[in-house]
Structure formats: structure tokens, C-alpha cells
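Student: coords please:
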Amino acid sequence: METEQSFIYHLRGKFSKALKDYALIDDGDKVLIGLSGGKDSLALVDFFAERMKIFKPKFTVEAAHIIVRNIPYQSDIEYLKNYCNSFDIPLHIVETEFDQSTDTRKSPCFLCSWNRRKKLFETASELGCTKIALGHHQDDIIETLLMNLTFQGAFATMPPLLKMNKMEFSIIRPLCLIKESELQQFASIKGFRKQIKNCPYENDSNRADMKAVLSELEKLNKDARYSIWGAMQNVQAEYLPKKS
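Tutor: Residues are numbered from 1 along each chain as shown. Take a look at the predicted model:
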């Protein structure tokens, strides 16, 4: 039976493998973690803090928590501060807001997410960061692929490394090889405190439906997620339709 310590070691190995396989970290990088307070971003802080103990590549890490003033989403700021302090990782608390009436074509969920991301980008630029680390795990990436296939007619998802053309930093997703269920187990072992979520727009999403689709696919084939992951890196364009 796998012990808690061996399980944590296994996850940290997946984290390090992602950093290496997708060239997510370079020597001298300054990384800004987008810390929402959920299990994924809390795990990201832990994994980065452990990885920084290795000499090469040498990099530094800071974290930012974005508060949207007009959305009733509560986070325990003291808990986040104490958590980051335990790893000697600086935490920046940044506030923003948006006016939904300025763009009624977009959902409040989209506008909130867009403004959070914009403020995170601004913070990274102000701090001189070279990378922004987001807590998207393997399930998130596969579900996004399924959503794009179903609703956008595009074979695309959130890549582990996204180089921003007009900005001085790149976006990285170092949890890309880790399953959500593994992060849930990690959170339980570490005793992460759950953040209070009472956003009125949280359920206005197709993501829950895609979670169900992925679950059904795994019933058909227990390794379905790995087949889908492999397919994203094995696109055989010659066997796909192409207009003349």
C-alpha cells in the first residue's frame, strides 16, 4: 500500500517531469504564482518551494492573490499569507473590479475571469516576472480540449507553456501531468483549508458537463485520459480533412 510520503514524492516527481519535459523553467526565472486559494494553487506553492531547493535551474517564486471587489468570493487572506510565509514566498494581495454593464455580450463569469487575468498580468509586469504559473491540472486541460472540440470546432487547449507575443513573460502550467483526484488527495494529506465560495456565477459553465464526459470515457477505457493526452502530441495532419 502506498504511504502518504511515497504518494507526495510521486506527485513531486510528476511536477518536476512537467518542468523538464515542457521546458517550463529557465535558469534565472522569476515566477509569479496565481494563488486563488484553492487546492491546485496551494499545491503549486508547495511543489515550487520544494523544487527551489535543487540548485539547477535556479529561480525565485512569488505569489499573487487577486480580489475582485464586486464579486462575493471570500478568501481567508490571513491563511494565504501564513501559508506563503511558511515557505518564505512573498504574497501580493491585489484588488480589481469590473462593470458588467460595459459589456453585456459577455457573461459575468467571463468578465470576472478576464479582469483577474488582466490584473495578474499587470502585477507580473510590475514585479519583473518572467513566468506566470497557473494551477491548471491535467483534467482542466483535457476538459478544455473537449469543450473546444464540442463548442468551438477547434482542436486546441491550454498548453503547458504559452509564450506571450506582446509581453515579457510566459504562462506555465506545471500541474499538467497531475490528475485532479491526486490533488484532492494531496490537499487532504496536507490539510488545506477550503476557501468559502459563494460566487453567484460559478455554475454558469460547461466545464461540469465536460467532467462528466471525461468520466464516461474513462468508464469505456480506464486509460482514456492518457490516450487523449497522447493524441494532443501526436496530431497526424495527413489523416485529417483538408480543404483544397
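Student: show me the contacts for Asn206.
Tutor: With contacts taken as Cβ atoms under 8 Å, 6 or more residues apart in numbering, Asn206 has the following neighbours: 147, 150-151. Where C-beta positions appear, they are placed from N, C-alpha and C, glycine not excepted.
Student: just the buried residues from those, in PyMOL please.
Tutor: For selection in PyMOL, the members of those meeting the burial criterion (16 or more other Cβ atoms under 10 Å) are listed in this command:
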select buried, resi 147
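Student: closest to Gln185 among the contacts of Asn206?
Tutor: Within the contacts of Asn206, distances to Gln185 taken as Cβ to Cβ reach their minimum at Met147, with 25.4 Å.
Student: assign that closest one to helix, strand or coil.
Tutor: In three-state terms, and counting by DSSP: H, G, I helix; E, B strand; the rest coil, Met147 is helix.
Student: how far away is it from Ala156?
Tutor: According to Cβ to Cβ, to the nearest Å, Met147 stands 10 Å off from Ala156.
Student: which residues does the residue nearest to Lys163 when sequence neighbours are not counted contact?
Tutor: Nearest in space to Lys163, with sequence neighbours left out and distances taken as Cβ to Cβ, 6 or more residues apart in numbering, is Ser170 at 4.7 Å. Under the criterion of Cβ under 8 Å, 6+ apart, the contact list for Ser170 reads 130-132, 161-164.
Student: mind picking the two most distant members of the residues you listed?
Tutor: Within the contacts of Ser170, Thr130 and Leu162 form the most distant pair, 13.3 Å apart (Cβ to Cβ).
Student: only alpha carbons, please: show the strand ranked longest in the chain as CSV.
Tutor: For the chain, the longest strand by residue count, based on DSSP state E, is strand 60-68. The C-alpha atoms that make up strand 60-68 are tabulated as CSV, following Å, rounded to 0.1, in the frame of the first residue of the first chain:
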residue,chain,number,x,y,z
THR,A,60,12.7,32.6,-7.5
VAL,A,61,9.0,32.4,-6.7
GLU,A,62,6.4,35.0,-5.6
ALA,A,63,2.6,34.7,-5.4
ALA,A,64,-0.3,37.0,-6.1
HIS,A,65,-3.9,36.7,-4.9
ILE,A,66,-6.4,38.8,-6.9
ILE,A,67,-9.5,40.1,-5.2
VAL,A,68,-12.4,41.2,-7.4
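Student: what pairs with that strand, parallel or antiparallel?
Tutor: Paired strands of strand 60-68, with direction, are strand 30-34 (parallel), strand 91-96 (parallel) (DSSP bridges).
Student: how far is the longest one from where the chain is centred?
Tutor: The chain centroid and the centroid of strand 91-96 are separated by 18 Å under Cα atoms, centre = their mean, to the nearest Å.
Student: what ranges do the helices span in this structure?
Tutor: Taking DSSP state H as the criterion, the chain carries its helices at 4-21, 39-51, 77-85, 108-127, 138-147, 180-190, 207-220, 224-232.
Student: what about the nearest residue to Pro57 once chain neighbours are set aside, how many residues nearby?
Tutor: If you skip the residues right next to it in sequence, Pro57 has Asp27 as its closest partner in space, 4.1 Å away by Cβ to Cβ, 6+ apart. Other residues lying near Asp27 total 9 when counted by other Cβ atoms under 10 Å.
Student: shouldn't Asp27 be in contact with Thr60?
Tutor: No - look at Asp27 against Thr60 with Cβ atoms under 8 Å: they stay out of range, at 11.3 Å.
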